[in-house]
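Engineer: any chance you can model this:
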Amino acid sequence: MQVSVSTVAGLERRLEVAVPAERVAGEIEMRLKQLARTARLKGFRPGKAPFAVVKQQFSSQVQTEVIGDLLRESYSEAVSREKLRPATDPRIEGVSAEPGAELRFTAVLEVLPDFTVKPVADLAVERPSAEVSEADIDAMIESMRRQRPDFIAVERAAADGDRVTVDFEGRIEGETFQGGTGSDIKFVLGKGQMLAEFEDGARGATAGESRSVTVNFPADYGSPVVAGKTAVFAVTVTAVDEEKLPTVDDAFCEAFGVTEGGIEALRRDVRESMQRELAGAIRGRLRTQVLDALFDANPIEVPKSMVAEAVQGMQLDFARRMGIRDPKQLPAVEALESPARRRVALGLLVGELLREQDMKVDRERVQARLAELVGDHPQSDEMRRQYLQNADTMRQIESAALEEQLIEWVVSKAKVTDKPASFADLTGFGKTQQ
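Structural biologist: Residues are numbered from 1 along each chain as shown. Predicted coordinates:
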């Protein structure tokens, strides 16, 4: 078999392959003889038809099958002989396979880049350092109180933070419209739960008061029935309730699953939960630090085909998360190319480090990740069984565990500087609190 390799551009290679006619003919002849032993042809017993008849009947079909198989086999042999590392499947061009002649074809492919990862001991990494303080616990319990407020009826005018209950009927050009009528609808003023003009119409009203409220629906409003139109609502405020946060007592503790030990037990549970969240946040920051450092220290050329695959994967992931079906709503390819290129480069760098260190996945770490995923779910055993039986899911869990091992190894070798931080800094707690 003759093979020649040439560089097209960058990581793209062109393989010219020629398979001798004798090999092609010999493979066809062998398969026809195998077929003759079992062939069922009209007028002959199974396997008793003359070879010439079998050849006449099946030679075209067998040749097509042989050419397909030889394409795959000879491509694999050529890649191995030339010590190429394909990044993706090749593009096959110019196939020539006339009966009795040699098989010739061209394979255009991208190869993985050759590179050496810079010493990780030279990498600089900042490791965040934080503890869960009593003040952090106080703030978290306060947040828990806000999750379960009581509302007490008041006779004053409604203000921000109050919950109002309304009945309303809306009209556009004097006609009622779908979704424009509501009864016993509750919302908290100032939370943006309703359109601003509707909230403004209820603000300052007392229980039993009726008002006429004009609302201009935005042009991009979710319902095309009202988008860009003006509606007039007849609104009656039937109740105004003031928010009252619950007392932190045994009943409050029980509402969060703490049935024994009261406030002390609640604080202990809250601390443990916050410590787990903090540990996860620190791991996440360290992971980002390490990957950023690896990427910056090791600029490598990456195959365009792998970047294209990564872009497509990111678009599909975005569509799944956002429930998008219209391709026009997906992020533009250009906007994803840079993060996709980074993802591909990091995948190659991490893979090379794992190979260099001959790092194998820690089964105990995998089991720990499984336990985290299952948690305290009532059907944890069934969930665990489903995870274990799903090969794709288990590969993802194992890959994440192996990456975590590598991150820890890099941190143990790199130049690490501890950087003091707070629970709120690392977890974002309180940043979105109303």
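
Engineer: let me know the pLDDT of residue 97.
Structural biologist: Note on residue 97: pLDDT of 86.

Engineer: I figured it was touching residue 21, is that so?
Structural biologist: No. The criterion here is C-beta atoms under 8 Å, and residue 97 misses it with residue 21 at 10.0 Å. For the C-beta atoms, the positions are set from N, CA and C on the backbone; glycine is no exception.

Engineer: pick out whichever of the two has more residues nearby.
Structural biologist: For the pair residue 97 and residue 21, the greater number of neighbours falls to residue 97 (19 against 15), based on other C-beta atoms under 10 Å.

Engineer: can you report phi and psi for that one?
Structural biologist: Dihedral angles of residue 97 (phi, psi; degrees, to the nearest 10) stand at phi -150, psi 60.

Engineer: just residue 150 next, same as before
Structural biologist: Backbone torsions of residue 150, given as degrees, to the nearest 10, read phi -100, psi 150.

Engineer: next up, the contacts around it.
Structural biologist: By C-beta atoms under 8 Å, 6 or more residues apart in numbering, residue 150 lies in contact with 243-246.

Engineer: how about the strands in the stretch 1-150 of the chain?
Structural biologist: According to DSSP state E, counting those that start in this stretch, the stretch 1-150 of the chain carries its strands in the segments 2-9, 12-19, 91-96, 103-110, 124-129, 150-153.

Engineer: buried residues in the third one?
Structural biologist: What that stands for is strand 91-96. For strand 91-96, burial by neighbour count (16 or more other C-beta atoms under 10 Å) applies to residue 92.

Engineer: which other residues reach it?
Structural biologist: By C-beta under 8 Å, 6+ apart, the residues outside strand 91-96 that reach it are 67, 71, 75, 102-109.

Engineer: quick one: strands adjacent to it?
Structural biologist: Using DSSP bridges, the strands paired with strand 91-96 in its sheet are strand 103-110 (antiparallel).

Engineer: quick one, the strand it pairs with and strand 12-19 angle?
Structural biologist: Interaxial angle of strand 103-110 relative to strand 12-19 (axes from the mean of the first three to the mean of the last three C-alpha atoms, to 10 degrees): 160 degrees.

Engineer: buried ones in strand 103-110?
Structural biologist: Those would be 103, 105-107, 109-110, for strand 103-110 by 16+ other C-beta under 10 Å.

Engineer: geometric centre of the chain: which residue is closest?
Structural biologist: Centroid-nearest residue in the chain: residue 317, 5.0 Å away (criterion: C-alpha atoms, centre = their mean).

Engineer: quickly find the element holding it.
Structural biologist: Element membership for residue 317, per DSSP states H and E: helix 304-322.

Engineer: next one: that helix to chain centre, how far?
Structural biologist: Chain-centre distance of helix 304-322: 9 Å, with C-alpha atoms, centre = their mean, to the nearest Å.

Engineer: got the buried residues for it?
Structural biologist: By neighbour count on 16+ other C-beta under 10 Å, the buried set for helix 304-322 is 304-307, 310-311, 314-315, 319.

Engineer: name the residues that touch it?
Structural biologist: 10-11, 87-88, 110, 324-325, 329-331, 333, 336-337, 339-341, 343-344.

Engineer: apply 10 Å and report the result again.
Structural biologist: Helix 304-322 is contacted by residues 9-12, 86-91, 109-110, 112, 302-303, 324-327, 329-345, 347-348 when judged by C-beta atoms under 10 Å, 6 or more residues apart in numbering.

Engineer: from those, list just the buried residues.
Structural biologist: 11-12, 86-87, 90, 109-110, 112, 302-303, 330, 336-337, 340-345, 348.

Engineer: where in the stretch 301-434 of the chain is pLDDT low?
Structural biologist: For the stretch 301-434 of the chain, the stretches flagged by pLDDT under 70 are 432-434.

Engineer: how about the helices of the stretch 201-350 of the chain, start to end?
Structural biologist: Using DSSP state H, counting those that start in this stretch, the helices of the stretch 201-350 of the chain run over 250-255, 262-297, 304-322, 333-357.

Engineer: now the ones you listed in a markdown table, please, with extra columns for distance to residue 136.
Structural biologist: Supplementary listing: the helices of the stretch 201-350 of the chain in a markdown table, determined by distance: least, C-beta to C-beta, whole Å:
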| stretch | distance to residue 136 |
| --- | --- |
| helix 250-255 | 19 |
| helix 262-297 | 6 |
| helix 304-322 | 30 |
| helix 333-357 | 33 |
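
Engineer: which of those sits closest to residue 428?
Structural biologist: For residue 428, the closest of those is helix 262-297, at 8.4 Å, according to C-beta to C-beta.

Engineer: contacts only, for residue 35.
Structural biologist: Going by C-beta under 10 Å, 6+ apart, residue 35 touches 47, 49, 51, 54-55, 57-58, 61-62.

Engineer: and for residue 226?
Structural biologist: Residue 226 makes contact with 170, 172, 177-180, 215, 217-218 under the criterion C-beta under 10 Å, 6+ apart.

Engineer: one more: residue 176?
Structural biologist: By C-beta under 10 Å, 6+ apart, the contact list for residue 176 reads 169-170, 231.

Engineer: follow-up on the earlier one: tell me which two of the contacts of strand 91-96 sit farthest apart.
Structural biologist: Farthest pair in the contacts of strand 91-96 (C-beta to C-beta) is 102 and 109. Separation: 21.4 Å.

Engineer: which parts of stretch 168-182 count as buried, going by neighbours?
Structural biologist: By neighbour count on 16+ other C-beta under 10 Å, the buried set for stretch 168-182 is 168, 170, 172, 180.

Engineer: are we agreed that the first one is in a strand?
Structural biologist: Yes. The secondary structure assignment for residue 168 places it in a strand, going by DSSP: H, G, I helix; E, B strand; the rest coil.

Engineer: sorry, back to before: redo the buried residues of stretch 168-182 as JSON lines? Include pLDDT.
Structural biologist: Compiled in JSON lines, the buried residues of stretch 168-182 are given as follows (pLDDT from 0 to 100):
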{"residue": "168", "pLDDT": "97"}
{"residue": "170", "pLDDT": "95"}
{"residue": "172", "pLDDT": "94"}
{"residue": "180", "pLDDT": "92"}
